[in-house]
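> have a look at this prediction, sequence included:
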Amino acid sequence: MQSSILKITYSCLIFTVIFCCFSCQNELTAEQEKSVFRYNEHANITSLDPAFAKDQRNIWAVNQLYNQLVQLDDSLNIIPDLAKSWKISESGLQYTFQLRKDVFFHKNEVFGKDSTRLLNAEDVVYSFQRLTDEDIASPGSWIMRNVKNISAVDDFTVKIELKKVFPAFLGLLSMNYTGILPKEMEKLDFHKNPIGTGPFYLKKWKSNEKLVFRKNENYFEKDENGNSLPYLEAVAISFLPEKQSEFMQFTLGNLDFMSGLDAAYKDELLTSTGNLRPKYEKEIQIEKTPYLNMEYIGISLQGDQKVDSKTLRKALNYGFSRENMIAYLRNGIGYPAENSFIPKGLPGHSEKPVYPYNLKKAKELVKEFRKENNGIRPKINLATTAQYLDICEFLQREWQKIGVEVKVEVMPASTLLQQRSAGKLQTFRASWIADYPDAENYLSLFYSENFAPNGPNYTRFSSAEYDELYQKSLTLPELENRVNLYKKMDSIVMNEAAVIPLYYDEVVRFSRNNVKGLGINPQNLLDLRRVYKK
C-alpha cells in the first residue's frame with residue numbers, strides 16, 4: 001500500500017513540473033513556444049523585490065526584471081548598465097553617474113492605462129534610500145552603510161557621496177540589491193506588480209507552482225547587429241523540490257537548463273574527471289568556469305573553543321589530499337585550495353602552493369604538538385550540515401591517519417550559523433561567495449573590527465599587521481596598487497593557518513544542445529538577454 005502511495009505521489013510531482021514548464025504555452029503562438037526558456041528551482045522564490053535578492057533563486061529571478069546603474073561582464077569588468085558613464089572625484093568620495101535617456105519601465109496601470117514612463121534620477125535616489133528603510137529591513141542595507149548622501153542633480157544625473165573612501169564601492173552597485181524601481185512602487189505589491197526596466201516582465205506567479213516572465217518589447221538594449229534584446233519570448237520557472245526529479249525532466253528535454261552538481265545525479269551525468277558521460281553528449285552540453293566561492297574549514301582562534309596551536313592547525317592543512325577530495329566527492333569539479341584564501345579568478349590570488357598534501361610533514365607536526373602538550377592526542381569537533389557530511393567524513397578519515405581524533409557534528413544550517421556567530425564551534429565547514437568582484441570581500445573575514453556577530457570574522461582572527469594593511473588598502477583607488485597589499489594579507493592568513501581552505505569552486509552549467517548564448521560567469525549569475533533556442 002505504501003509503495004503504491006509513493007508511486008502516485010511521484011507521478012503527481014512529475015505531472016506538476018511538466019504542467020509548470022509548459023503552463024505559459026497556451027498564451028504563445030506555436031513559433032513563440034520554441035522560444036521559451038525553462039528551468040527549475042528546488043524552493044519557492046520568496047520575493048521579486050530586489051531589496052531581498054539575497055539567495056540565488058531570488059537573484060536569478062530579479063535579474064530578469066531589473067537593471068542596476070552598472071553591471072559586470074563575464075570577465076568581472078564593471079561596465080555601463082542604466083548609467084552610460086560615471087566620474088569618481090580625486091578624493092574618491094564622490095561618484096557622479098550620467099543615466100541613459102532611453103530607458104522605460106515595464107508597462108503598468110500605475111503610470112496610466114497600458115502606459116509606461118522614462119526612468120529618471122529620482123527613481124535611483126528612491127531605490128537606494130529604500131534599501132536603508134528600517135520598515136523594509138532589506139538584507140542588502142549594508143551596501144549603503146558608507147553612503148553619506150545621494151541626490152538627483154538633474155533628471156539624468158545622480159551624485160553619491162561616501163563617508164570614507166571605499167575603492168570597491170562601484171562593484172557594490174552591480175549587485176541585484178541595487179535594482180532600480182520607479183518611485184510609484186511605494187504604492188504597489190511586489191507579488192503582483194514588480195516593475196523594473198529589465199528584459200522581462202512578470203506575467204504570472206503562483207507560489208510553489210509556477211513563475212512566468214514575458215519579453216519586454218520596450219527593452220533598451222540591442223545586440224552588436226542592432227537587434228533588440230532579449231531574444232527569448234518567455235521564461236518559465238517550475239518548483240520541483242526533488243533534485244533527482246529535476247534531473248529526469250532535464251534529460252527528457254522538459255527543462256532547458258540545470259545548474260550545479262548534486263550527489264543525486266553527479267555519477268550518472270559525469271565521469272570522475274568532470275566530463276559528460278558519452279551517452280549524454282548528443283543531447284546535453286556542459287560549461288565550467290572558476291566560481292567566486294571559497295569552501296573552507298573555519299577554526300575558532302579565540303574563546304572557549306579556540307584552537308590556539310599553530311602547529312596543529314598547520315598539521316590539519318597538510319594532512320589531507322585536496323585533489324582526492326575533488327576527484328572522489330565532486331567528480332573533478334573544483335580546484336585544490338592549497339595556496340591562497342583568495343579564490344581563482346580574482347586579482348590577489350596566489351598560485352604558489354602553501355599547503356600541498358604532505359602526510360609525513362603532517363604526522364611530524366602532530367608529534368610536535370604532542371610534545372608541546374604533555375603527550376595529549378589532539379581532538380577536534382567539526383561542525384557541518386548534512387549537505388556537506390561526505391566532505392567532513394573524508395576529512396575525519398584523513399586526519400585520523402595523522403593522529404588527530406575528529407568528531408563530526410551534524411546540525412541544521414540555522415543552528416550552525418547561530419553557533420558560528422556566537423563563537424561556540426571549534427571548527428566548522430563554511431563557504432564564502434563574493435558579493436562583489438574584489439578580494440577585499442574575502443579579506444574582510446579576517447579584519448579584527450569585523451568580529452562576529454557584528455561582522456563576518458567568524459574565526460576571530462586578529463593581527464595588528466594585517467589590520468594595518470587592510471586599512472591602507474581601503475585608501476588606494478587603483479586596483480594594481482591594492483593587489484600587492486592583498487597578497488601580503490593573504491600570506492599572513494595562510495602562514496598563520498587561520499583557516500583550512502578546501503577547494504576553489506567551479507560554476508557548472510548543463511543545458512540542452514539547442515540552447516545558445518547562455519554564457520557563464522564567475523558569480524554564477526543567470527543572464528538570459530542573449531539566450532535563444534535553435
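Happy to help now that I have it. Numbers count the residues shown, from 1 in each chain.

> from now on I want contacts and neighbour counts done on CA atoms only, so please keep to that.
Fine.

> just the helices from the stretch 351-500 of the chain, written as ranges.
359-372, 389-401, 413-421, 440-443, 464-473, 479-495 (DSSP state H, counting those that start in this stretch).

> just checking: what are the partner strands of the longest strand that the chain contains?
Secondary structure of the chain per DSSP state E: the longest strand is strand 284-299. Strand 284-299 has the following strand partners under DSSP bridges: strand 427-433 (antiparallel), strand 499-512 (antiparallel).

> what comes up buried for the shortest one?
Just to be clear, that refers to strand 427-433. 427, 428, 429, 430, 431 (16 or more other C-alpha atoms under 10 Å).

> what are the contacting residues of that strand?
With C-alpha atoms under 8 Å, 6 or more residues apart in numbering as the test, strand 427-433 has contacts from 292-300, 380-384, 388, 392, 420, 442.

> now that strand against helix 413-421, angle please.
Relative orientation of strand 427-433 versus helix 413-421 (axes from the mean of the first three to the mean of the last three C-alpha atoms, to 10 degrees): 100 degrees.

> please apply the same query to the last one.
For the pair strand 499-512 and helix 413-421, the angle between their directions (the same axes, to 10 degrees) equals 150 degrees.

> could I get strand 499-512 in CSV with only the CA atoms?
What follows is strand 499-512, C-alpha atoms only, in CSV (Å, rounded to 0.1, in the frame of the first residue of the first chain):
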residue,chain,number,x,y,z
VAL,A,499,41.6,28.5,8.2
ILE,A,500,41.8,25.3,6.2
PRO,A,501,40.9,26.1,2.6
LEU,A,502,39.4,23.1,0.9
TYR,A,503,38.7,24.0,-2.8
TYR,A,504,38.1,26.8,-5.1
ASP,A,505,34.7,26.0,-6.6
GLU,A,506,33.6,25.9,-10.2
VAL,A,507,30.4,27.1,-11.8
VAL,A,508,28.9,24.1,-13.6
ARG,A,509,26.1,24.6,-16.1
PHE,A,510,24.3,21.9,-18.0
SER,A,511,22.0,22.9,-20.9
ARG,A,512,20.3,21.2,-23.8
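
> after it, which helix or strand is next?
strand 515-516 (DSSP states H and E).

> and the following helix or strand past that next one, what's its mean pLDDT?
Downstream of strand 515-516, the first helix or strand assigned by DSSP H and E is strand 532-533. Taken as a whole, strand 532-533 carries a mean pLDDT of 96.

> rewinding a little: now the strands paired with strand 284-299 as a markdown table including distance to residue 270?
Shown next, in a markdown table, are these (distance: least, C-alpha to C-alpha, whole Å):
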| stretch | distance to residue 270 |
| --- | --- |
| strand 427-433 | 24 |
| strand 499-512 | 11 |
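
> how many residues are close by the nearest residue to residue 491 once chain neighbours are set aside?
Spatial nearest neighbour of residue 491, excluding adjacent residues (C-alpha to C-alpha, 6 or more residues apart in numbering): residue 340 at 7.5 Å. A count of nearby residues for residue 340, using other C-alpha atoms under 10 Å, gives 25.

> pretty sure residue 340 sits against residue 488.
No: look at residue 340 against residue 488 with C-alpha atoms under 8 Å: they stay out of range, at 10.9 Å.

> tabulate the helices of the stretch 351-500 of the chain (a markdown table), appending mean pLDDT, distance to residue 139 and mean neighbour count.
A markdown table is the format used below for the helices of the stretch 351-500 of the chain (pLDDT from 0 to 100; distance: least, C-alpha to C-alpha, whole Å; neighbours: other C-alpha atoms under 10 Å):
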| stretch | mean pLDDT | distance to residue 139 | mean neighbour count |
| --- | --- | --- | --- |
| helix 359-372 | 97 | 42 | 18 |
| helix 389-401 | 97 | 29 | 17 |
| helix 413-421 | 95 | 16 | 16 |
| helix 440-443 | 96 | 17 | 20 |
| helix 464-473 | 97 | 25 | 16 |
| helix 479-495 | 95 | 27 | 18 |
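
> quick one: closest of those helices to residue 329.
Of all the helices of the stretch 351-500 of the chain, helix 389-401 sits nearest to residue 329, with 7.2 Å by C-alpha to C-alpha.
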